[in-house]
Every structure is written in structure tokens, then in C-alpha cells.
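In: give the three-dimensional model of this entry:
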Amino acid sequence: MLKTISLAAALALTATAALAETPTITDITGTWTGTGFVQKNEKSKPMNVKCEVEGAQSGDEVSFDGYCRAMIIVKRAIGAQLVRSGDTYTGTYTGSDAGVAKLDGGEPKPGLLDLEMQFPRDVNGDAVARMVIETPSEDSFTIRTTDMMESGVEVVTSEVTFEREASVAEN
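Out: Predicted structure coming up:
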């Protein structure tokens, strides 16, 4: 599917952690469902996706595993594992057809994780993309990935908003 379903979602994943003494990012423990889009490159059309991830957290480690589905028949496993050390988050993201991406970044302000994604091979002209995870409330978070295309245009290659399973059921 795309290096974007980072959700994917990173979905979430990543960001959440608020792990140690000053949890500023929402805890993502539990089941989350999300909707949004992924786009492979600047010439392709965005595809709507539905995702489900299970988040876990222990100490300074946060992770999620799940899947995203597009066009009913395309299903891709996604996941991420992050470790917080001081103000820095490092880890990996799985879900791209380019392979496992390394994640590295920080929390420039509460509720916002900004991560560089480093892929094992070039995608859209280079091996680097950006993932931002925003947590506006304890019951939702958004994972957005952007990539600089060979043309020099920056494109939002995925954006998925997740809600806690209980919140989805109540609506």
C-alpha cells in the first residue's frame, strides 16, 4: 500500500507515549479504528483506507500493530515500536512496500510528535519522509506522513485519524 500508512498510523503509535514522568502524548493502549487516505505519489489519486490497530505501552516503550484496508480487497499489516529516551523518540515503522522504516524525532510541543522516517530504499526520489502524530484528545489521534517528490513538491502521502474503539461504538 504505501509507505504512508504509516499510521500509520504510526500510527499512533508512536506518539503516544507519554511514557515517562511527563506524559504529554495520549496513551494509545487498547483498540483503535481509523479512517483516512493514502497516496503513493504526486500523480496517483488518494485511496480511502480503514484501519484498526492495537496499542500497547510499557515504561518508555510504546507500540501498535494492526492493519489498513483499501478498496475492500487490499489489506496491509502496519505497526510501529518507539522508545523514548529523554526528549528523543526512536524506533521502527512497518507497513510500507519500501520495507521497515527507522523513526527518529521528538515532541516539539505537547500532543505533537514529529518523526523522520528513513526507508531502506528510495521512494519518490529519496529514502526520507516525515511522520507527524497529533493527539488532540485522549480518545483520538491523527497520523500524517509527507514526502518530498522528485519534482520538489511536498505531498501528504497519508493521513489517518484514529478513535478509541469505545468512542467509535458510542457515536
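In: for the chain, which segments count as helices?
Out: Assigned by DSSP state H, the chain shows helices spanning 165-170.
In: can you map out the strands along it?
Out: Assigned by DSSP state E, the strands in the chain fall at 8-11, 30-38, 47-58, 61-70, 74-85, 88-94, 101-109, 112-123, 126-137, 140-148, 154-164.
In: and those, which is most packed in?
Out: strand 8-11 (a mean of 37; mean count of other Cβ atoms under 10 Å). C-beta: built from backbone N, CA, C; applies to glycine.
In: how many neighbouring residues does the nearest residue to Asp122 once chain neighbours are set aside have?
Out: Leaving aside its chain neighbours, Asp122 sits nearest to Ala98 (8.0 Å; criterion: Cβ to Cβ, 6 or more residues apart in numbering). Neighbourhood size, Ala98 [other Cβ atoms under 10 Å]: 17.
In: who's in contact with Ala98?
Out: Contacts for Ala98 (Cβ atoms under 8 Å, 6 or more residues apart in numbering) come out as 3, 119-123, 127.
In: please repeat the previous calculation with a cut-off of 7 Å.
Out: Residues near Ala98 by Cβ atoms under 7 Å, 6 or more residues apart in numbering: 3, 119-121, 123.
In: in CSV, list the strands of the chain along with mean pLDDT.
Out: Output for the strands of the chain, formatted as CSV (pLDDT from 0 to 100):
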stretch, mean pLDDT
strand 8-11, 38
strand 30-38, 96
strand 47-58, 94
strand 61-70, 93
strand 74-85, 93
strand 88-94, 95
strand 101-109, 95
strand 112-123, 95
strand 126-137, 92
strand 140-148, 94
strand 154-164, 95
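In: what sits opposite Ala77 in the beta ladder?
Out: On the basis of DSSP bridges, Ala77 is bridged to Tyr67.
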